[in-house]
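# Model the structure of this input:
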Amino acid sequence: TTEHEINNFKSRWVSTVSHEFRTPLNTLTNMIECLSMHQLEPTVKQFVELGKNATSLLQTYVGDLLDYCQIRNGYFVPNPSEFSIKRLIKNSISLLKLKANDKNLA
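The predicted structure is shown next:
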């Protein structure tokens, strides 16, 4: 087996695994979105927002992984998009804050 074949196998494997993550991740995203449409207690609403942030972040990671595979195979076409750095930082902090609270660090 040549190095080229090994690299192709790795890229196909990563791509397949990434796609397999998307189905349950999309299910979670949709379930959380359905929850957010209801009147919720403030604490539950906060947990739903954390779930939204976490699934959004995971979707970004899966997309980045697929982009990496395309780059390695020479098929990547950049797709620039706008994003809010403030929102990214806020979402990241909210995910970390929950863990910090569990450890009495916040």
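
# Do a quick rundown of the helices in the protein.
With helices called from DSSP state H, the chain shows them at 3-36, 42-73, 85-102.

# Which stretch among those is buried most, on average?
helix 42-73 (a mean of 15; mean count of other CB atoms under 10 Å). (Each C-beta comes from the backbone N, C-alpha and C, glycine too.)

# centre of the chain versus it, how much separation?
With CA atoms, centre = their mean, to the nearest Å as the basis, helix 42-73 stands 1 Å off its chain's centre.

# Also stretch 13-26?
The answer for stretch 13-26 is 11 Å, by CA atoms, centre = their mean.

# Go ahead and name everything in contact with it.
If you take CB atoms under 8 Å, 6 or more residues apart in numbering as the criterion, stretch 13-26 is touched by Thr55, Leu58, Gln59, Val62, Leu65, Leu66, Tyr68, Cys69.

# same deal with stretch 28-38?
For stretch 28-38, contacts defined as CB under 8 Å, 6+ apart pick out Lys45, Val48, Glu49, Gly51, Lys52, Thr55, Ser56, Gln59.

# Identify the residue spatially nearest to the fifth one, adjacent ones excluded.
Just to be clear, that refers to Lys52. Ile32 (5.5 Å; CB to CB, 6 or more residues apart in numbering).

# what does the first one give?
Of all residues not flanking Lys45 in the chain, Ser36 sits nearest, at 7.8 Å (CB to CB, 6+ apart).

# Centre of the chain to the helix or strand of the chain with the lowest mean pLDDT, how far?
Lowest on mean pLDDT, DSSP states H and E among the helices and strands of the chain sits helix 85-102, with a mean of 83. With CA atoms, centre = their mean as the basis, helix 85-102 stands 14 Å off its chain's centre.

# now that helix and helix 42-73, what's the angle there?
120 degrees (axes from the mean of the first three to the mean of the last three CA atoms, to 10 degrees).
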